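> sequence first, then the predicted structure:
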Amino acid sequence: MITVDVQKWEADQILKKAEVLDPTCIIAGGAARDWYMGIVATDLDLFIHFPLSRKITQIINQLKAVSLTVVKVLGPEEFPAGYKLNPNISYVFEVTAAGVSTPCQIIVYSKPTFGVVEQFPLSICQAWYKGGKIGFTNEFASSVRNKVIIRTSDLYADAHAYVTKIRNKFPDYRYYDSWGSYGKMCLLENKEEL
């Protein structure tokens with residue numbers, strides 16, 4: 001049976017392989033968030049940096065050399081909803097590795113992965129996993145503590161499929177289109193309590 005601990009072990013196996021190619025690669029987004037909340041993740045999203053000059057065949061060969069088997073290559077037109085509008089994503093590879101049962105996607109980032117999580121469009125997704133630990137932004141911590149989802153980027157409209165998917169995943173969380181909207185609501189609620 002798959003558990004959070006098993007998925008973390010699988011993530012560690014994939015990270016060890018990918019770190020040979022990019023020591024800054026990270027598991028980021030949904031898996032780290034779900035594990036933080038004690039939930040089994042649906043997949044692993046590994047963000048890795050390759051220069052734009054790197055050809056797709058070179059990347060596939062490099063992944064193969066570290067025992068990550070590419071099952072499918074997705075170009076921008078085939079990206080999942082959460083990636084379509086991010087200009088820093090070049091390719092998405094669906095990969096497998098020995099001993100790993102959780103589906104894994106390698107997201108090829110056109111710049112180093114430092115700061116990638118802070119660019120995620122929803123506060124509740126701003127978490128990462130590396131070195132056996134879950135890290136997160138202050139925005140993520142505030143979201144979990146206050147049970148809110150804040151849209152942190154104008155890349156995605158409120159009705160975008162990705163925003164809808166995350167809102168549906170957390171139906172007991174209130175959604176705000178910005179930190180400003182959330183702050184105004186807090187002020188109104190505090191005023192009502194007086």
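Great, that's in hand.
> going along the chain, name the strands of the protein.
Using DSSP state E, the strands found in the chain span residues 26-28, 44-49, 69-74, 89-96, 104-109, 127-130, 133-136, 148-150, 174-176.
> domain-wise, how is this protein divided?
Taking automatic domain parsing as the reference, the chain has its domains at 4-136, 139-193.
> make JSON lines out of the strands of the chain and add mean pLDDT.
Below are these laid out as JSON lines (pLDDT from 0 to 100):
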{"stretch": "strand 26-28", "mean pLDDT": "97"}
{"stretch": "strand 44-49", "mean pLDDT": "96"}
{"stretch": "strand 69-74", "mean pLDDT": "94"}
{"stretch": "strand 89-96", "mean pLDDT": "92"}
{"stretch": "strand 104-109", "mean pLDDT": "94"}
{"stretch": "strand 127-130", "mean pLDDT": "98"}
{"stretch": "strand 133-136", "mean pLDDT": "97"}
{"stretch": "strand 148-150", "mean pLDDT": "96"}
{"stretch": "strand 174-176", "mean pLDDT": "94"}
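> please work out which of these is packed deepest.
Of the strands of the chain, the one with the most neighbours on average (mean count of other CB atoms under 10 Å) is strand 26-28, at a mean of 26. Using the backbone N, CA and C atoms, a C-beta is placed for each residue, glycine as well.
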